[in-house]
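Asker: after the sequence you'll find the predicted model.
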Amino acid sequence: MIHKNSMSRRNFLKIAAAAGVSSFNGFQIAGCATAQNAGLIERIEPSVIWPGRTAGTAWFHPRACMLPSASKSIALMTCQAISGSDVFGQVYWSRSKDNGRAWTEPQPIPSFGRQMLPTGIEEGVCDVVPEYHAKTNTVLAIGHNVYYKDNVLTLPYENRYPVYVVRDENGNWSNRKKLEWDHPETSGIYTCGCSQRVTLENGHIIIALSFGPKERKDRKVCSVLCSFDGKNLNIINKGNELELAVKRGLLEPSLAQFKDRYFMTIRAEDRHGYLSVSNDGLNWEQQQPWRWDDEEPLIMSTTQQHWLVHSHGLLLVYTRKAKQNVNVMRWRSPLYIAQVDTVKQCLIRDSEKIVFPLIGDGINDPDHVARMGNFHVVNASHHESWVTVGETLPHDKWKGDTLLSRVIWN
């Protein structure tokens, strides 16, 4: 069964306008290049993959990777249902053969479901990120384990670690495996969930990890160099550690390689996100809070950021505090994108655009504004990149559409 996009861009604009979204005109302006500031982005085109607001499953954590093909643009996406705060079901996969316009009915990844432990607690998987590995012609999907008691999140900071499965060239998924790490400070948790990673030409993979022992609430981050032979992922080297002893510390780091340097963006809980830079992907400079090119800091609230890498520039996708979202939980709508000044290590304010607009009233009725804090970015072709996200509306029975926005390059 094939699901066609349920909403064209024109209809998307009409619905937003009908909802009285004052910010959506800003989206239209931001999505189009101007003579004064054309930048790298020509336009941004949002669409709906699956209509979870009105019917069916609210597919969450939609993350895609591109598969090689001589004649077609093939994408593979992982996703899973959400039914409560951090309550996720079986991990599924879907495929598109027409550049993301139609997707197959999601199918389960057999070993990425829930399993009952002898203690009566269920162990599941969440925060999965698939990436194509050219050296072995496989897809490596990495998430982390999670625990539920009576379908409610439990043990959130204890005995949690990365798990992965491999999809071979024939489309078969492997059994679940654990990424082993004997670091002494990982007794509570170590994870690379939701994280972008860097695959090197020799097939090695650099992965950013957030970790901490049971006795500490705040986590540190570092990166590790891993070998991958198409079946097994192993850590072979570790970089230096970064820390921030505020609440849960440093979380959900994501990596990018641009030209001859590596960049890490990090979620934190002190109203900032953080940037660090490295020459080798392992040894990192002290993290600095994200700021604009006029030195004003970005005000964020414990939400991940992700990279979009273009041959002529590095961009960041993020959320932040704005006039129209002041009462939205963690300011998780709208979703923004801006170009990074890689020399000054800041965001270029004039380059900021909106990827997905805020729909609803973020001041007087924030409970009915869809949150978009868990998203992913992938380069789909030389001409466009995608940002994918699953909306969440906790006050509307956790319904939400699954969205794809095309970033069309100049």
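Answerer: Looks like it arrived, so ask away. Computed from a prediction, not measured in an experiment: that's the story for all the values here.
Asker: pLDDT wise, what is Ser71 at?
Answerer: Looking at Ser71, its pLDDT is 71.
Asker: so it versus Trp93, what's the distance?
Answerer: 22 Å (Cβ to Cβ, to the nearest Å). Using the backbone N, CA and C atoms, a C-beta is placed for each residue, glycine as well.
Asker: more neighbours: which of those two?
Answerer: Trp93 (23 against 6; other Cβ atoms under 10 Å).
Asker: which ones are touching the more buried one?
Answerer: Taking Cβ atoms under 8 Å, 6 or more residues apart in numbering, we find Trp93 in contact with 76-79, 106-109, 130, 167, 173.
Asker: filter the residues you listed down to just the ones in strands.
Answerer: In this view, the contacts of Trp93 that belong to strands under DSSP state E are 76-79, 107-108, 130, 167.
Asker: and those, which are buried?
Answerer: 76-79, 130, 167 (16 or more other Cβ atoms under 10 Å).
Asker: farthest-apart pair in these, please.
Answerer: Farthest-apart pair in those is Cys79 and Arg167; separation 14.7 Å (Cβ to Cβ).
Asker: please enumerate the helices of this structure.
Answerer: Assigned by DSSP state H, the chain shows helices spanning 9-18, 24-30.
Asker: and stretch 372-386, which residues are buried?
Answerer: 372-380, 384-386.
Asker: and if you look at stretch 100-116?
Answerer: By neighbour count on 16+ other Cβ under 10 Å, the buried set for stretch 100-116 is 100, 103, 106, 109, 112-114.
Asker: then stretch 200-218?
Answerer: Buried residues in stretch 200-218 (16+ other Cβ under 10 Å): 204-213, 216, 218.
Asker: which members of those are positioned in strands?
Answerer: Cross-referencing those against strands under DSSP E gives 205-212.
Asker: would you mind giving the ones in strands among the contacts of Trp93 as JSON lines with pLDDT added?
Answerer: Formatted as JSON lines, the ones in strands among the contacts of Trp93 follow (pLDDT from 0 to 100):
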{"residue": "Leu76", "pLDDT": "98"}
{"residue": "Met77", "pLDDT": "98"}
{"residue": "Thr78", "pLDDT": "98"}
{"residue": "Cys79", "pLDDT": "98"}
{"residue": "Gln107", "pLDDT": "98"}
{"residue": "Pro108", "pLDDT": "98"}
{"residue": "Pro130", "pLDDT": "98"}
{"residue": "Arg167", "pLDDT": "98"}
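Asker: quick one on the thing from earlier: so which of the buried ones among the ones in strands among the contacts of Trp93 comes closest to Ala64?
Answerer: For those, the residue nearest Ala64 by Cβ to Cβ is Met77; the value is 4.2 Å.
Asker: how many neighbours does the residue nearest to that closest one when sequence neighbours are not counted have?
Answerer: Leaving out its chain neighbours, the residue that sits closest to Met77 by Cβ to Cβ, 6 or more residues apart in numbering is Ala64, at 4.2 Å. Neighbours of Ala64 under the rule other Cβ under 10 Å: 26.
Asker: least trustworthy helix or strand in the chain by mean pLDDT?
Answerer: Here the helix or strand of the chain ranked lowest by mean pLDDT, DSSP states H and E is helix 24-30, holding a mean of 30.
Asker: and Leu335, bridged to which residues?
Answerer: Beta bridges link Leu335 to Phe356 when assigned by DSSP bridges.
Asker: surely it touches Ala322?
Answerer: No. Counting by Cβ atoms under 8 Å, Leu335 stays clear of Ala322, with 11.2 Å between them.
Asker: coming back round to it: could the buried residues of stretch 372-386 be laid out in TSV, adding pLDDT and distance to Val317?
Answerer: As requested, the buried residues of stretch 372-386 are exported to TSV (pLDDT from 0 to 100; distance: Cβ to Cβ, whole Å):
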residue	pLDDT	distance to Val317
Met372	95	10
Gly373	92	11
Asn374	94	12
Phe375	97	7
His376	98	9
Val377	98	6
Val378	98	11
Asn379	97	13
Ala380	96	14
Glu384	96	14
Ser385	98	10
Trp386	98	11
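Asker: inside strands: which ones of those residues?
Answerer: Using DSSP E, these in strands are 375-379, 384-386.
Asker: closest to Asp182 among these?
Answerer: His376 (29.7 Å).
Asker: nearest residue to the closest one other than its sequence neighbours?
Answerer: Arg63 (3.9 Å).
Asker: neighbour count winner among Leu335 and Ala322?
Answerer: Taking neighbours as other Cβ under 10 Å, Leu335 and Ala322 compare with Leu335 leading, 23 against 18.
Asker: next, count neighbours for the closest residue to Tyr157 other than its chain neighbours.
Answerer: With sequence-adjacent residues excluded and distances taken as Cβ to Cβ, 6+ apart, Tyr157 is closest to Gly188, at 5.1 Å. Around Gly188 there are 19 other residues, counting by other Cβ under 10 Å.
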